[in-house]
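> no FASTA, just this:
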């Protein structure tokens with residue numbers, strides 16, 4: 001499928017070091033395709049409960065959501081400044097794997113997910129598994145994997 005065939009592009013971001021590369025590629029493809037761009041962050045509140053050993057307070061979740069929304073607004077502004085006219089930002093709560101692979105694409109008619117090769121450290125991948133590999137295996141649409149710059153140039 002030519003890039004012009006994509007109408008709804010999803011760029012899931014997690015704030016990791018590769019987020020800017022993923023966003024830049026998403027902007028590039030959305031501009032070329034004339035597509036709608038969705039920028040999504042999935043907050044996994046259970047991750048904090050496991051890390052800190054107790055339930056996270058509503059105040060902490062509110063502040064985290066507020067900070068995430070501010071970052072997403074900056075990403076939206078960047079996309080619009082680069083020439084993407086149709087951009088939405090989203091925050092979802094839950095497990096990023098099914099949300100990115102199936103739930104969000106179904107809800108938003110996504111036909112391309114642009115995702116990083118990894119946003120986690122090697123230890124985190126061993127413990128919780130790679131979101132990217134899950135998305136590649138189970139996505140309901142095409143997936144474009146963006147590699148970190150240093151990895152891509154090898």
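Looks like it came in fine. The model shown is predicted, which means the values in this text are computed figures rather than measured ones.

> count of residues packed around residue 83?
10 (other Cβ atoms under 10 Å). The way it works is simple: take the backbone N, C-alpha and C, and place the C-beta from them, glycine included.

> again but with residue 85, I slipped
11.

> what pLDDT does it get?
Note on residue 85: pLDDT of 93.

> swap in residue 125?
54.

> quick check: residue 29 touching residue 22?
No. Using Cβ atoms under 8 Å as the test, residue 29 is too far from residue 22 to be in contact (10.8 Å).

> if I look at residue 15, how far off is residue 67?
9 Å (Cβ to Cβ, to the nearest Å).

> same check on residue 19?
In terms of Cβ to Cβ, residue 19 sits 14 Å off from residue 67.

> between those two, which one's more packed in?
residue 19 (20 against 11).

> where does the chain have low pLDDT?
1-2, 45-57, 118-129, 149-154 (pLDDT under 70).

> what's the burial count for the residue lying closest to residue 135 once chain neighbours are set aside?
Once flanking residues are discounted, residue 135 sits nearest to residue 101: 4.5 Å by Cβ to Cβ, 6 or more residues apart in numbering. Residues near residue 101, counting by other Cβ under 10 Å, number 24.

> and residue 101, its phi and psi?
Main-chain torsions, residue 101, degrees, to the nearest 10: phi -70, psi -40.

> swap in residue 6?
Dihedral angles for residue 6 - degrees, to the nearest 10 - are phi -90, psi 130.

> residue 134 now?
The phi/psi pair for residue 134 (degrees, to the nearest 10) is phi -60, psi -50.

> who's more crowded, residue 29 and residue 22?
residue 22 (26 against 20).
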